[in-house]
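Enquirer: This is the structure alone, sequence omitted:
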């Protein structure tokens, strides 16, 4: 007898996991990404029909493809009661079930991350000895739990207390060998200490998840809400869009190829050039005023945090394929105001006689030598999150998390050489582009970041008391 199949789809740029469950020619999709062809292609390959679409909650960090997937398959959408969803759906509550083939999906109401959050307990009726699995959405991650600050009507402390109750009264009553499949992995903005592991078990999380080790609800609330990173501004907009249901991606207009003079004109009218090339290519030569967000990292998430959802954008990429990929990733977080892309890239810019800008790069060895020679001329800016500082900081550095940098530029000394670093270099390159765009000329990016500093065996402080 063929077992129930579970296939995981992972978007690294959003640290987002979605799932397809298949049994006897029928499929259910959980927490779909916006570009839904991947599910349709998988269903065709597996010779099954998608009949169920399940949202564990109204997502805040990405745009879901539930509306388009429903329109293209005829499937019904299931979401927790009280979601406020404006699209056609079935509201589910504790104990409701879906059954198809050998699969039984039972819904658990687990409010806390959001009020309508649900988890889905899956059992395989064709394999009664097989442990059950639970799709935990943003309620329980591998190594963490969901952030409790997404309700306009509840304080983070109130939501955290509700989340504690949901986890202890629902999830932790499941057998220890129950496998968990969360909606996010390491790097997601929906938690702070997520593991890169794709799955775990209730027993492993009970023993190792820092949040589940809290002995009381009060301790749990403090763990989750003390020093909670600020919620990105675009989250509220994303929730509204997902409550309505996003338009199909086919409605996005194709990008126009813009000449250098056209790009310059649009810049003067308020458009922002987003350079998606690798950091070193950007550093050596780029369109003045560009914001650098490399396509190789968590591009879409940082684009939404740094640029917002409404700014008109122009993409400067390596080639047309990268430009198309950039547009798709932006659409996954609801950024659709893309005017076009720079035709022929920086080469076209030069051919039109326009000047390029650059940002110096400095190795840790050269930085140490320069600091020893001119200690009063150097300032260090650390753009990591405050929670990362426990692993060490460069002495006398100022920490301003990248997401807050644009609003805290007044704290920086324009009279010094500002050396910027993060963990490995991805965020510091974004930071230097923000600084240059704001008029900072005497800046440098520390190549390799704090990882390179530690690898070189250079001294560092245990904590940073400057900047918060």
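Expert: Yes, it's here. In this text the structure is predicted, and so the values were computed from the model without any measurement.

Enquirer: how close does residue 296 get to residue 424?
Expert: Distance, residue 296 to residue 424, by CB to CB, to the nearest Å: 11 Å. Quick note: C-beta positions are derived from backbone N, CA and C, even for glycine.

Enquirer: before we move on, what about residue 149?
Expert: Distance from residue 149 to residue 424, by CB to CB: 28 Å.

Enquirer: Of the two, which one has the most company?
Expert: Neighbour comparison, residue 149 and residue 424: the larger count goes to residue 149, with 20 against 14 (by other CB atoms under 10 Å).

Enquirer: excluding its backbone neighbours, what's nearest that one?
Expert: Leaving aside its chain neighbours, residue 149 sits nearest to residue 156 (4.2 Å; criterion: CB to CB, 6 or more residues apart in numbering).

Enquirer: ok, now which ones touch the one you found?
Expert: Going by CB atoms under 8 Å, 6 or more residues apart in numbering, residue 156 touches 148, 149, 224, 225, 228.

Enquirer: go again using 10 Å as the cut-off
Expert: With contacts taken as CB atoms under 10 Å, 6 or more residues apart in numbering, residue 156 has the following neighbours: 147, 148, 149, 150, 163, 221, 224, 225, 226, 228, 231.

Enquirer: Now do the contacts for the nearest residue to residue 64 once chain neighbours are set aside.
Expert: Nearest non-adjacent residue to residue 64, counting by CB to CB, 6+ apart: residue 242, 5.2 Å away. Contact partners of residue 242, counting by CB under 10 Å, 6+ apart, are 34, 55, 57-60, 62-64, 66-67, 79, 83, 85-87, 334.

Enquirer: where does the stretch 1-150 of the chain have low pLDDT?
Expert: Residues of the stretch 1-150 of the chain that meet the criterion pLDDT under 70 lie in 1.

Enquirer: Which residue ranges of it form helices?
Expert: Secondary structure of the stretch 1-150 of the chain by DSSP state H, counting those that start in this stretch: the helices cover 37-46, 66-73.

Enquirer: okay, which residue of the protein is out on the far edge from center?
Expert: Distance to the chain centre peaks in the chain at residue 373, reaching 40.6 Å (criterion: CA atoms, centre = their mean).

Enquirer: any idea how far it lies from residue 417?
Expert: Remark: distance between residue 373 and residue 417 (CB to CB) = 12 Å.

Enquirer: For residue 461, give its distance to residue 395.
Expert: Going from residue 461 to residue 395 by CB to CB gives 5 Å.

Enquirer: same check, this time on residue 95
Expert: For residue 95 relative to residue 395 (CB to CB), the value is 57 Å.

Enquirer: Domain map for this protein?
Expert: What automatic domain parsing lists as the domains of the chain is 5-244, 252-351, 361-455.

Enquirer: what about residue 140, how many neighbours?
Expert: 31.

Enquirer: which residues sit in contact with it?
Expert: If you count contacts by CB under 10 Å, 6+ apart, then residue 140 has 110, 112-113, 119, 134, 146, 163, 166-167, 170-172, 180, 182-183, 191, 200, 202, 205, 209, 211-212 around it.

Enquirer: Of these, which belong to strands?
Expert: Judged by DSSP state E, strands contain the following of the contacts of residue 140: 119, 134, 180, 182, 200.

Enquirer: The first one pairs with what?
Expert: In this case it means residue 119. Taking DSSP bridges as the rule, residue 119 bridges to residue 108.

Enquirer: Cheers, nothing more for now.
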